[in-house]
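Peer 1: for reference, the sequence and a predicted model appear below.
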Amino acid sequence: MNTLKFKTTINCASCVAKVSPILDAQNQISKWEVDTAHPDKILRVEGEQIDEEELVRALKKIGYQAQRI
């Protein structure tokens with residue numbers, strides 16, 4: 001299982017609710033969480049063969065930025 005971390009603009013519970021359907025729809029992601037208390041709003045995703053570019057594009061479509069760290 002791979003774990004990827006992203007610096008994001010997902011900064012509150014409302015934002016997490018907005019991205020939930022997008023992240024839950026990604027078949028290769030088995031688990032994800034956002035640390036909104038962290039200054040960089042860290043999104044951590046776990047899964048197999050995660051398509052990083054597809055994930056970043058999907059979030060961008062709904063107004064959020066994500067950068068791999």
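Peer 2: Cool, got the structure. Numbers count the residues shown, from 1 in each chain.

Peer 1: now Gln49. Nearest residue, chain neighbours left out?
Peer 2: Spatial nearest neighbour of Gln49, excluding adjacent residues (C-beta to C-beta, 6 or more residues apart in numbering): Gln28 at 5.2 Å. For the C-beta atoms, the positions are set from N, CA and C on the backbone; glycine is no exception.

Peer 1: can you check Glu33 too?
Peer 2: Excluding its sequence neighbours, the residue lying closest to Glu33 (C-beta to C-beta, 6+ apart) is Arg44, at 5.5 Å.

Peer 1: what of Ala58?
Peer 2: Ile22 (5.0 Å).

Peer 1: which other helices and strands contact the helix or strand that contains the one you found?
Peer 2: Element membership for Ile22, per DSSP states H and E: helix 13-24. The contact analysis (3 or more C-beta pairs under 8 Å, 6 or more residues apart in numbering; DSSP states H and E) places helix 13-24 against strand 29-35, helix 52-61.

Peer 1: give me the buried positions along it.
Peer 2: Residues Cys15, Val16, Val19, Leu23 are the ones in helix 13-24 that count as buried (16 or more other C-beta atoms under 10 Å).
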